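Visitor: compute the structure for the input listed below.
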Amino acid sequence: MALTLSELARLVDGNIVRGGLDLLIEGIAALEDAGASELSFLGNEKYRAQFLVTRAGAVIVPRGVAEGPDGCALIAADNPSFAFAHAVKHFVAEVARPFAPGIHPRAVVDESAKLDPAKVCVHAGAVIMAAAEIGEGTEIGPNCVVGEKARIGRDCLLHANVSVRERCTLGDRVTVQPGAVIGSDGYGYEWVEGRHVKIDQVGIVEVQDDVEIGANTTIDRARFGRTVIGEGSKIDNLVQIAHNVQIGKHCLVVSQAGIAGSARIGNHVVVAAQAGVGGHVKVGAKSVLAGRAGATADLEGGQTYSGMPARPFMEEQRSRALIRQLPKLVERVKALEKKPENGAARD
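Guide: Model prediction:
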């Protein structure tokens, strides 16, 4: 449904900097692809070059930007990317998934499971096992498995092929992308008489409200007690979270990161791509582990860390700079070694 520029500004909580109030916007697109009836946004200075040549009818820009391409209307917002997300929800119907309650005839739901068929959606091939609980407004995708006594809260969305094993719990408004496994056995063995003997993993995983879990991510159940993913945290694709890990509230864990057993991650922590946290290590609140950083010892909160082992970012950068100078330093040492010693006879 088309919106005038003034309607669009109200929708995204922005202010019109330039452009006619009655300009019609009919869709959304990237800066380099947008046409005269489409909206785009400038959310990062890296894309200023594309912004300056865009053919978009309107662009959401940061406050303070007053100039742009000829004929392009501008709407200023505090957070252009977030403002654009509101526009996406209006123009792209697929974003607002229609909820159609009911249990598909090819789903298998144990008679002891607790759910209201008129208020949940269970797709074909899904299996809901004994004494599992499914909250109102929750959608269980094709071929998902919800184990015995597992509890799924309200308004959750499990995409295809998700497994939530026995007794694990998901809070309200949790989204799990395809192929994720919640509650797989922790990786626990003891070396006994020349062989690895498996240690029973009898705990659970607790996923709190408003968490998102990416595709093919695995979260192991605790050896005993709980593995916890705190409220509002967002876990990317292909992440491994081991047994008894505690992740705080509103954390970001990015693709291919790994968090070893019994690690403790404080609130508002970012663990970037391919970073690792060692077993039993504590990472303080509001920390950032840069890409490929390796936390092998406890880290204080409120800092950015990089390198292996992880160190404060500027300290690591200085070390890297010195390492880059080593080849020249070696050449200088070799040259000095070739010079005759003081007082030695010269040819």
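
Visitor: lowest-pLDDT helix or strand in the protein?
Guide: helix 313-324 (a mean of 86; mean pLDDT, DSSP states H and E).

Visitor: pull the CA atoms of the next helix or strand after that helix into PDB?
Guide: Remark: after helix 313-324, the chain's next helix or strand is helix 326-338, criterion DSSP states H and E. C-alpha atoms of helix 326-338 as PDB (Å, rounded to 0.1, in the frame of the first residue of the first chain):
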ATOM      1  CA  LEU A 326      60.200  -7.700  13.100                       C
ATOM      2  CA  PRO A 327      61.300  -8.500   9.500                       C
ATOM      3  CA  LYS A 328      63.000  -5.100   9.200                       C
ATOM      4  CA  LEU A 329      64.500  -5.500  12.700                       C
ATOM      5  CA  VAL A 330      66.000  -8.900  11.800                       C
ATOM      6  CA  GLU A 331      67.600  -7.400   8.700                       C
ATOM      7  CA  ARG A 332      69.100  -4.600  10.800                       C
ATOM      8  CA  VAL A 333      70.500  -7.100  13.300                       C
ATOM      9  CA  LYS A 334      72.000  -9.200  10.500                       C
ATOM     10  CA  ALA A 335      73.600  -6.100   9.000                       C
ATOM     11  CA  LEU A 336      75.100  -5.100  12.400                       C
ATOM     12  CA  GLU A 337      76.500  -8.600  12.900                       C
ATOM     13  CA  LYS A 338      78.300  -8.400   9.600                       C
END
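
Visitor: quick one: contacts of helix 326-338?
Guide: Outside helix 326-338, not one residue touches it by Cβ atoms under 8 Å, 6 or more residues apart in numbering. The way it works is simple: take the backbone N, C-alpha and C, and place the C-beta from them, glycine included.

Visitor: would you mark the buried spots in that helix?
Guide: For helix 326-338, the buried set under the neighbour-count rule, 16 or more other Cβ atoms under 10 Å, is empty.

Visitor: returning to that earlier point: other SSEs contacting the least confident helix or strand of the chain?
Guide: Where contact means 3 or more Cβ pairs under 8 Å, 6 or more residues apart in numbering; DSSP states H and E, helix 313-324 is packed against strand 304-306.

Visitor: show me the domain layout of the chain.
Guide: Domain assignment for the chain by automatic domain parsing gives 3-95, 102-314.

Visitor: run the chain-centre distance for the first one.
Guide: The offset between the C-alpha centroid of domain 3-95 and the centroid of the whole chain comes to 26 Å, using Cα atoms, centre = their mean, to the nearest Å.

Visitor: just stretch 222-238 next, same as before
Guide: Distance, centroid of stretch 222-238 to centroid of chain: 12 Å (Cα atoms, centre = their mean).

Visitor: same question for that stretch, mean pLDDT?
Guide: Mean pLDDT, stretch 222-238: 98.

Visitor: mind exporting it as CSV, just the C-alpha atoms?
Guide: Taking Å, rounded to 0.1, in the frame of the first residue of the first chain, the C-alpha atoms of stretch 222-238 are listed here in CSV:
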residue,chain,number,x,y,z
ALA,A,222,23.7,-28.8,31.3
ARG,A,223,25.5,-31.7,33.0
PHE,A,224,23.2,-30.9,35.9
GLY,A,225,21.3,-27.6,36.5
ARG,A,226,20.8,-25.3,33.5
THR,A,227,22.4,-23.9,30.4
VAL,A,228,20.9,-20.4,30.2
ILE,A,229,20.4,-17.9,27.3
GLY,A,230,19.4,-14.6,28.9
GLU,A,231,16.4,-12.4,28.0
GLY,A,232,16.7,-10.6,24.7
SER,A,233,20.0,-12.2,23.6
LYS,A,234,20.5,-12.9,19.9
ILE,A,235,22.4,-15.9,18.8
ASP,A,236,23.6,-16.1,15.1
ASN,A,237,23.8,-19.1,12.8
LEU,A,238,26.4,-21.9,13.4
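
Visitor: give me the buried positions along it.
Guide: 222-223, 226-238.

Visitor: count the neighbours of Ser287 for me.
Guide: 22 (other Cβ atoms under 10 Å).

Visitor: let me redo that: Glu67
Guide: Neighbours of Glu67 (other Cβ under 10 Å): 10.

Visitor: contacts only, for Ala295.
Guide: 275-278, 281, 283, 289, 305, 309-310.

Visitor: quick check: which element contains the closest residue to Gly232 other than its chain neighbours?
Guide: The shortest distance from Gly232 to any non-neighbouring residue, by Cβ to Cβ, 6 or more residues apart in numbering, is to His250 (4.2 Å). Using DSSP H and E, His250 falls within no helix or strand.

Visitor: hang on, isn't His250 packed against Ile229?
Guide: No. His250 is not in contact with Ile229 according to Cβ atoms under 8 Å; the separation is 11.1 Å.
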